[in-house]
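# Quick one: sequence and predicted model below, then my questions.
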Amino acid sequence: MLTCEQKKELHGIADKLKSAQVRERKTLLENAADLLGISVKSVRRYLAQETGWKPERKTRRDKGVSNVSQDYAMLVAGIQQTGKRATGKVLNSVNSVQNILAGNGILPVDAKTGEAKTVSASTVRRAMKNYHLDNSVLKKSTPAVAQKSLHPNHVWELDASVCVLFYLPNGKVKSVDDKKAYKNKPETLEKIGRDKVIRYVITDHYSGFIFVRYSTGAEDAKGVLDTLIQAISKRSEYDPMHGVPEILVMDKGAGNKSGMIHAFCENLGIQTVFHKTGNPRAKGQVENAQNLVEKNFEGRLRFSNITSLQELQAACDKWRIHFNAREILRRASKTRASLWTSISQEHLKTCEKDVLREIACWKNVTRKIDGNFEISVATKKFGKQIYDVSALSLYGISNGYEVSVLLNPFTAPDITVKFQQPDGTLVQMDFSPLVFDEAGFRADAPVIGEAFDAHKKTEAENALEKIEKLAFDAQTSKEAEIKKQKGDRPFQNIDFMADIKKSPAYLHAAGKPVFEKEPQVLSQTQMAMAIKDRLPELWMKNPRKAMEWLNGKGKSFEETMLDDLVAEFKETFEIKTNIINFREVSKCAG
């Protein structure tokens with residue numbers, strides 16, 4: 001069963017398949033199978049079921065552009081700002097915009113006469129300056145606010161960019177010839193667009209440590225996931241940055257906003273922060289790291305014989321390790337590697353790579369609790385594991401109840417079980433897998449003939465037992481059962497006709513202090529061990545008879561009964577040595 005996030009990914013994959021060429025479909029399907037953790041055949045089946053293989057209509061390019069005119073200066077400024085390039089360069093001059101507006105019958109209106117008239121471009125430019133609408137004012141950015149992080153792995157920043165120097169034709173890396181690619185060669189640009197190499201960069205905000213990973217294709221969820229898994233995993237003693245960050249800062253790219261990325265980060269306890277579109281300074285450190293990689297590493301590639309993506313990654317790793325270990329971070333006057341290694345054990349949360357991949361592909365897993373209060377969960381890394389979840393009975397959960405299961409990323413193969421209580425409170429508990437001996441028995445199971453241990457009672461069973469003892473005014477469950485079989489009336493101390501008397505007495509439950517500790521209910525085995533601890537020598541003289549004696553007292557006991565039972569046991573089994581035999585005394589006297 002696919003999650004909602006995975007179904008959303010399927011729709012994105014279907015769109016890519018519709019626009020892709022035939023030779024590209026195999027790669028897209030394989031990447032989708034790797035992302036979802038299923039086979040290519042299953043990907044095809046789910047695509048048919050969930051998307052129907054129907055391409056959606058493309059959104060109009062002019063969607064969102066308002067046709068409502070304001071004053072003339074605002075309209076000219078709006079056309080200029082809407083049409084400018086991402087670099088901030090304005091493409092349409094005031095004169096050009098005036099001609100466009102005039103062709104549409106829109107002319108400036110004289111404020112005095114109200115007549116439409118033609119004015120010079122210099123007059124419009126002066127008006128735009130008066131209204132503070134000229135590009136020199138509008139292009140100024142909002143003042144930046146410097147922020148800090150508290151320690152290594154507190155905040156990571158992630159960014160993806162196209163590596164303009166290389167592209168990937170048929171699995172091999174080649175350098176791009178600027179003249180051929182950018183001088184009236186649209187077919188070359190289209191080819192490079194299909195085979196482009198993506199550079200993913202992650203920086204630790206506190207230390208400035210740089211991690212780089214190269215990938216092919218588009219900036220999608222699979223590329224982001226693979227990059228995060230590689231960055232979080234421990235690599236080598238020469239490349240120290242690893243572990244799970246507390247906060248991950250990204251832009252609002254399609255891959256970053258994917259439900260798969262959200263679920264992955266949520267399971268690892270990572271808070272995701274998306275900066276405002278068009279505000280790259282929000283993650284300026286990683287933007288600067290992109291520039292460092294492009295200038296200091298990719299600038300060398302024209303003089304290197306790199307023929308594959310693997311060789312490109314290996315060369316980058318070699319440069320990156322050198323850079324982090326030797327280049328000084330100016331604000332700290334230390335190297336990035338030495339600053340990151342100041343991390344404390346408290347802040348270094350590690351997770352194995354195989355476990356990270358399991359979590360990345362984790363679906364909505366639910367399990368039903370069996371009669372032994374156990375559930376089983378299977379993973380690729382750890383195989384099938386069985387878990388004793390009897391502790392859930394403290395929350396009123398009983399066998400047959402269905403719970404949600406997640407793999408604990410930090411203590412795998414431990415799992416986290418989640419369930420919702422009737423009042424809406426979400427409860428989660430961690431459980432470790434059971435250990436079995438070579439014969440398949442639980443290692444912690446009681447041995448026949450040595451101990452008798454019933455399964456821990458559920459909350460409902462304990463409540464019913466207390467009700468029985470309360471109803472028949474009994475100290476033990478056995479005593480309550482005997483009175484019940486004899487036909488004794490429950491709650492004999494309560495007059496159930498009191499409400500119809502002339503002067504009724506209002507009855508209510510006896511009050512109980514909030515913090516009063518409930519007496520613990522001990523099993524027969526637990527009580528036997530407690531008596532044995534008190535009177536070890538007396539118990540060990542005849543353990544079998546001692547157990548038979550206790551068996552006659554009941555199957556479970558209140559904790560408060562321990563002192564009385566110890567005294568009774570001592571009186572029953574202690575040898576009386578000072579008894580005088582009067583017959584023998586009388587014979588001696590005669």
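Arrived safely.

# Just the buried positions in stretch 429-448, please.
Applying a neighbour-count criterion of 16 or more other Cβ atoms under 10 Å, one finds Met429, Phe431, Pro433 buried in stretch 429-448. (C-beta placed from N, C-alpha, C; glycine too.)

# Put together TSV for these, with distance to Val403, secondary structure and pLDDT on each row.
TSV is the format used below for those (distance: Cβ to Cβ, whole Å; DSSP: H, G, I helix; E, B strand; the rest coil; pLDDT from 0 to 100):
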residue	distance to Val403	secondary structure	pLDDT
Met429	9	strand	83
Phe431	10	strand	87
Pro433	16	strand	87
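
# any idea of the mean pLDDT in the helix or strand containing Leu228?
Leu228 belongs to helix 221-232 when assigned by DSSP states H and E. Here helix 221-232 scores 91 as its mean pLDDT.

# Tell me the helices and strands packed up against the very next helix or strand once past it.
Going down the chain from helix 221-232, the next helix or strand is strand 247-250, by DSSP H and E. Counting contacts by 3 or more Cβ pairs under 8 Å, 6 or more residues apart in numbering; DSSP states H and E, strand 247-250 is packed against strand 155-167, strand 271-274.

# Closest to the centroid, which residue in this structure?
Nearest to the geometric centre of the chain sits Asn267, at 1.2 Å (Cα atoms, centre = their mean).

# how far away is that one from Gln492?
57 Å (Cβ to Cβ, to the nearest Å).

# Next: Leu434.
Noted for Leu434: a distance of 47 Å to Gln492, by Cβ to Cβ.

# how many neighbours does the residue nearest to Asn399 when sequence neighbours are not counted have?
Distance criterion Cβ to Cβ, 6 or more residues apart in numbering; nearest residue to Asn399, sequence neighbours excluded, is Ile369 at 4.9 Å. Ile369 is flanked by 21 other residues according to other Cβ atoms under 10 Å.

# Next, the contact list for Ile369, please.
Ile375, Val389, Leu392, Ile397, Ser398, Asn399, Gly400, Tyr401, Glu402, Val403 (Cβ atoms under 8 Å, 6 or more residues apart in numbering).

# related to what we said a few turns ago, right, and the helices and strands packed on strand 247-250 - which one's nearest Arg300?
With Cβ to Cβ as the measure, strand 155-167 is the member of the helices and strands packed on strand 247-250 nearest Arg300 (9.9 Å).

# which parts of the longest helix along the chain are buried?
The residue-count maximum for a helix in the chain (DSSP state H) belongs to helix 309-326. Residues of helix 309-326 classed as buried: Leu309, Leu312, Gln313, Ala315, Cys316, Asp317, Trp319, Arg320, Ile321, Phe323, Asn324 (neighbour count, 16+ other Cβ under 10 Å).

# Mind jotting down where the strands sit in the stretch 251-400 of the chain?
With DSSP state E, counting those that start in this stretch as the criterion, the stretch 251-400 of the chain has strands at 271-274, 328-329, 334-335, 365-368, 374-379, 383-388.

# Downstream of the last one, the next helix or strand is which one?
On the C-terminal side of strand 383-388, the closest following helix or strand by DSSP H and E is strand 402-407.

# so can I have TSV of the strands of the stretch 251-400 of the chain showing distance to Lys234 and mean neighbour count?
Supplementary listing: the strands of the stretch 251-400 of the chain in TSV, determined by distance: least, Cβ to Cβ, whole Å; neighbours: other Cβ atoms under 10 Å:
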stretch	distance to Lys234	mean neighbour count
strand 271-274	22	14
strand 328-329	22	14
strand 334-335	20	17
strand 365-368	27	14
strand 374-379	20	17
strand 383-388	23	15
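
# ok, Val273 - contacts?
Listed by Cβ under 8 Å, 6+ apart, the contact set of Val273 reads Ile247, Leu248, Val249, Met250.

# thinking again about what came up before, quick one, the helix holding Leu228 and helix 309-326 angle?
40 degrees (axes from the mean of the first three to the mean of the last three Cα atoms, to 10 degrees).

# list the helices and strands helix 221-232 packs on?
Using 3+ Cβ pairs under 8 Å, 6+ apart: helix 221-232 touches helix 22-36, strand 155-167, strand 196-204, strand 210-216, helix 259-268, helix 353-360.

# ok and it relative to helix 353-360, angle-wise?
Angle, helix 221-232 to helix 353-360, by the same axes, to 10 degrees: 150 degrees.

# Restrict helix 221-232 to CA atoms and write it as PDB.
What follows is helix 221-232 as a C-alpha-only set of coordinates in PDB (Å, rounded to 0.1, in the frame of the first residue of the first chain):
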ATOM      1  CA  ALA A 221      13.100  13.900  -4.800                       C
ATOM      2  CA  LYS A 222      15.400  10.900  -5.600                       C
ATOM      3  CA  GLY A 223      18.400  13.200  -6.000                       C
ATOM      4  CA  VAL A 224      17.700  15.000  -2.800                       C
ATOM      5  CA  LEU A 225      17.100  11.800  -0.900                       C
ATOM      6  CA  ASP A 226      20.300  10.200  -2.200                       C
ATOM      7  CA  THR A 227      22.300  13.300  -1.300                       C
ATOM      8  CA  LEU A 228      20.900  13.400   2.200                       C
ATOM      9  CA  ILE A 229      21.500   9.700   2.800                       C
ATOM     10  CA  GLN A 230      25.200  10.100   1.700                       C
ATOM     11  CA  ALA A 231      25.700  13.200   3.800                       C
ATOM     12  CA  ILE A 232      24.200  11.700   6.900                       C
END
